[in-house]
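Novice: what's the 3D shape of this:
(chains A, B, C and D)
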2 protein chains.
Amino acid sequence: MPQKKLKLADLAKLAGVSTSTASRALNDNPIIKLETRERIQQLAKTHNFSLNAAASRLRLQKTKVIAVLINLDAETEQSIDDPFLLKVVSDINLAVNRQGYELLLSNSFMAGEDWHGYFIDGRRADGVIVVGQGKQQALIERASEAGMPLVVWGDPKTEADYVIVGSDNFLGGKVATQHLLDKGCKKPLFLGEPEHAELGERYKGFRNAIELAGLADQAQLLKIDITSQAAYDSINRKLRSDGLDFDGIFACSDMVALGALKALKERYVSIPNDVLIVGFDDIAMADVSSPSLTTVKQDTKKAGELLVEKLLAQLAGEAVTSSQLAISLVERQSS
Amino acid sequence: MPQKKLKLADLAKLAGVSTSTASRALNDNPIIKLETRERIQQLAKTHNFSLNAAASRLRLQKTKVIAVLINLDAETEQSIDDPFLLKVVSDINLAVNRQGYELLLSNSFMAGEDWHGYFIDGRRADGVIVVGQGKQQALIERASEAGMPLVVWGDPKTEADYVIVGSDNFLGGKVATQHLLDKGCKKPLFLGEPEHAELGERYKGFRNAIELAGLADQAQLLKIDITSQAAYDSINRKLRSDGLDFDGIFACSDMVALGALKALKERYVSIPNDVLIVGFDDIAMADVSSPSLTTVKQDTKKAGELLVEKLLAQLAGEAVTSSQLAISLVERQSS
DNA sequence: CGCACTATTGCAAACGTTTGCATTAAGTTC
DNA sequence: GAACTTAATGCAAACGTTTGCAATAGTGCG
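Specialist: Coordinates of the predicted model:
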């Protein structure tokens, strides 16, 4: 039988002290005699007492909650199922907890258009981590201007007045493409969506490497949604219409790379002999696929920590700047 | 410049009404004249007003939040990165939002041992969805007995006094194994962890199919952690020590199947000619891998909806029972 | 015209914390 | 022993909603 919930006043009565003393004791306030503090903390434990977070938040004007807002373009349909995105969220979750905060998982559907109002004024969270810049950054802009504590996972090169943490996408794209060229690729193909902030940088890196090699007129761009299905379909369509007129693919994500890989294998195009493939992200599948996938690794663990750290620094009133995470090429069988 | 936050009283003053009227107007209480209601709602919108959720929760004793508790065995190290788990969470998220609730993402690290105290007494959430029974169910038991509104994603056949939603794992295991046998498999191997609630049922299904076929003495069990790495390693080890003494694998999850697949391919074992493989879950990768993976599909979308629905029903005081989701075999190239 | 009734609004209490300030008790100093 | 300091605790207000009840104004009816 669930007994009635204790409130702080009840606990205080049990301990024979006032509510204020009980409150201070639970918060380990040294103004309370050590012995009293320990006694009350012990009592709280034996009675399974927990503070009412709602009351506490109301009084403190702080929630100890960080919201993670997954910001997907409805149109582009990058699925929330993308393992990489979920991995990022999961790593943020760990970092958030390590700092003693809780994680409110949200999305643009719940938060509406006025993020500042919803999260901050609404006292749902103390700050927000936005995952994904998407193509349209107006809402981020707006929330930032309204003074919402905010860190964005995206491309740190973006000209913006909010703080961004992300990989060096340009360099990643360049390194990946350079790797293709080193392996003998002469007719490289970029698979992705250059309009998108992060992917756009990867494309720029691709272009840069190619121009340096003087292969600009051999390079191709295939614009697709960021899903393996889209990649599979578009490679199939391309093979049918143009034949095999490329010998290397730099895919904007591993999921895209794997979709392309599948389409090619089904048509008996040999990887890496006929076509080299490099992906981006280094999701778990990259290692398990066959051939395993050469890819540009993004350090999501570090990213999670940095995102949270910077957000908390903002909450503490410190000035914070964007930062860029190093990427690394992981060579596997597909190249 | 972020202007100072409006409270309900300020909004009321702007509208020239009392706080009570403003409150009722925002909640669309028909006791307030329609015209007044609309005027105030409009005013709230233009001023980007949002209610203070902390205050509201304190007053109402309700949070409109559902916590999702990811319950992993620390020992088994089934990674939170498992794409299937994340997919389940993501589908729960959608369902939760659709019902107008928010999602608090949590884990046993944050919640400690007294889940009821932490979530319910602490007014962090109105109810909890636990993802994964794990091997040790004592904490779930305890929270349930304390009266915590609760639904568990797990195996619905488990004898328990809390509500469980999950796939028909026994049937899934049986169907998968039957499929292996139909395709000519004579020496089947189960890859997984039979101690685990859901996986145990899959193993029982495996055994059942095998015994019906009179192949009990040909069957093998390889106990491993639920990661593709563990699968890869253990298959390699087994090939080295025993050689290829099996001709079909039923893997307890797709990630495990893919790890095994990789190990086999590296040793030039032909799939599906020499060894048939069937997985479980139907994650996105199953379709993209090559050969693509035959697997038992779990309907996570339906699961998410059902979990949330049942939890809300509990909150509404209705009696709720466990339920089992239909599975389906998805035949692909690996068998 | 008085009465009852309805429609609409406002008053004030309550939800459970936290904390500035006041209070008490005990010890210290001259 | 009075005046003062220090240590420990308690009082009461405040955080911003929601809602039972009271109050007011307007309406219809006999």
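
Novice: okay, CA-based contacts and neighbour counts for the rest of this
Specialist: Noted.

Novice: Contacts only, for the residue nearest in space to the middle of chain A.
Specialist: The centroid of chain A falls nearest to A:Val88 when counting by CA atoms, centre = their mean (4.0 Å). Shown in contact with A:Val88 (CA atoms under 8 Å, 6 or more residues apart in numbering or on different chains): A:300-301, A:303-304.

Novice: what about stretch A:323-335, average pLDDT?
Specialist: Throughout stretch A:323-335, pLDDT has a mean value of 96.

Novice: Next: stretch A:188-204.
Specialist: Averaged over stretch A:188-204, pLDDT sits at 94.

Novice: Could you tell me which residues within it count as buried?
Specialist: Neighbour counts over stretch A:188-204 (16 or more other CA atoms under 10 Å in any protein chain shown) mark A:188-194, A:196-204 as buried.

Novice: Over in the stretch 101-250 of chain A, which residue gets nearest DNA strand C? Let me know.
Specialist: Proximity of the stretch 101-250 of chain A to DNA strand C (CA to the nearest atom of the strand) peaks at A:Arg123, 13.6 Å away.

Novice: Just give me the neighbour total for that residue.
Specialist: A:Arg123 has 24 neighbours, counted by other CA atoms under 10 Å in any protein chain shown.

Novice: Run through the helices of the stretch 201-335 of chain A in chain order.
Specialist: Along the stretch 201-335 of chain A, counting by DSSP state H, counting those that start in this stretch, helices occupy A:228-242, A:254-266, A:284-288, A:300-315.

Novice: Next, format those helices as a markdown table and append distance to chain B and mean neighbour count.
Specialist: Listed next are the helices of the stretch 201-335 of chain A as a markdown table, based on distance: least, CA to the nearest CA, whole Å; neighbours: other CA atoms under 10 Å in any protein chain shown:
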| stretch | distance to chain B | mean neighbour count |
| --- | --- | --- |
| helix A:228-242 | 8 | 17 |
| helix A:254-266 | 6 | 24 |
| helix A:284-288 | 6 | 21 |
| helix A:300-315 | 12 | 20 |
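
Novice: closest to DNA strand D out of these?
Specialist: helix A:300-315 (18.1 Å).

Novice: where does the stretch 101-250 of chain A dip in pLDDT?
Specialist: Across the stretch 101-250 of chain A, residues meeting the criterion (pLDDT under 70) sit at A:134-136.

Novice: which residue does it bring closest to DNA strand D?
Specialist: Per CA to the nearest atom of the strand, A:Gly122 is where the stretch 101-250 of chain A lies closest to DNA strand D, at 7.6 Å.

Novice: Domain map for chain A?
Specialist: A:8-51, A:65-166+A:300-324, A:169-297 (automatic domain parsing).

Novice: Take those domains and lay them out in a markdown table including distance to B:Lys45.
Specialist: Formatted as a markdown table, these follow (distance: least, CA to CA, whole Å):
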| stretch | distance to B:Lys45 |
| --- | --- |
| domain A:8-51 | 34 |
| domain A:65-166+A:300-324 | 10 |
| domain A:169-297 | 31 |
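
Novice: Out of those, flag the one nearest B:Ala143.
Specialist: Nearest to B:Ala143 among these is domain A:8-51 (11.8 Å), distances taken as CA to CA.

Novice: And DNA strand D, is the closest one touching that?
Specialist: Yes - under the criterion of CA under 7 Å from any atom of the strand, domain A:8-51 makes contact with DNA strand D via A:16-21, A:31-33, A:36.

Novice: Quote the end-to-end distance of that domain.
Specialist: End-to-end distance of domain A:8-51 (CA to CA, to the nearest Å): 7 Å.

Novice: Pull up the residues of the stretch 1-150 of chain A that are close to DNA strand C.
Specialist: Residues of the stretch 1-150 of chain A found near DNA strand C (CA under 7 Å from any atom of the strand) are A:6-9, A:19-21, A:23-24, A:26-27, A:50-52, A:55-56, A:58-60.

Novice: hang on, the earlier thing: which two of the buried residues of stretch A:188-204 have the greatest separation?
Specialist: Largest separation among the buried residues of stretch A:188-204 by CA to CA: A:Pro188 and A:Ala197, giving 21.5 Å.

Novice: what about A:Val151, is that helix, strand or coil?
Specialist: With DSSP: H, G, I helix; E, B strand; the rest coil as the basis, A:Val151 sits in strand.

Novice: residues contacting it?
Specialist: A:Val151 touches A:128-130, A:162-165, A:307, A:310-311, counting by CA under 8 Å, 6+ apart.

Novice: same thing with A:Gly112?
Specialist: Shown in contact with A:Gly112 (CA under 8 Å, 6+ apart): A:Tyr118.

Novice: C-alpha coordinates for the host helix or strand of the residue nearest to the centre of chain A, PDB please?
Specialist: For A:Val88, the host element (DSSP states H and E) is helix A:83-98. Extracted in PDB, the C-alpha atoms of helix A:83-98 (Å, rounded to 0.1, in the frame of the first residue of the first chain):
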ATOM      1  CA  PRO A  83      21.800   6.100 -35.900                       C
ATOM      2  CA  PHE A  84      24.300   8.900 -35.800                       C
ATOM      3  CA  LEU A  85      21.800  11.400 -34.500                       C
ATOM      4  CA  LEU A  86      20.600   9.100 -31.900                       C
ATOM      5  CA  LYS A  87      24.200   8.400 -30.900                       C
ATOM      6  CA  VAL A  88      24.800  12.100 -30.400                       C
ATOM      7  CA  VAL A  89      21.700  12.400 -28.200                       C
ATOM      8  CA  SER A  90      22.800   9.400 -26.200                       C
ATOM      9  CA  ASP A  91      26.200  10.900 -25.600                       C
ATOM     10  CA  ILE A  92      24.700  14.200 -24.600                       C
ATOM     11  CA  ASN A  93      22.500  12.300 -22.200                       C
ATOM     12  CA  LEU A  94      25.500  10.800 -20.500                       C
ATOM     13  CA  ALA A  95      27.300  14.200 -20.300                       C
ATOM     14  CA  VAL A  96      24.200  15.900 -18.900                       C
ATOM     15  CA  ASN A  97      23.700  13.300 -16.200                       C
ATOM     16  CA  ARG A  98      27.300  13.500 -15.200                       C
END
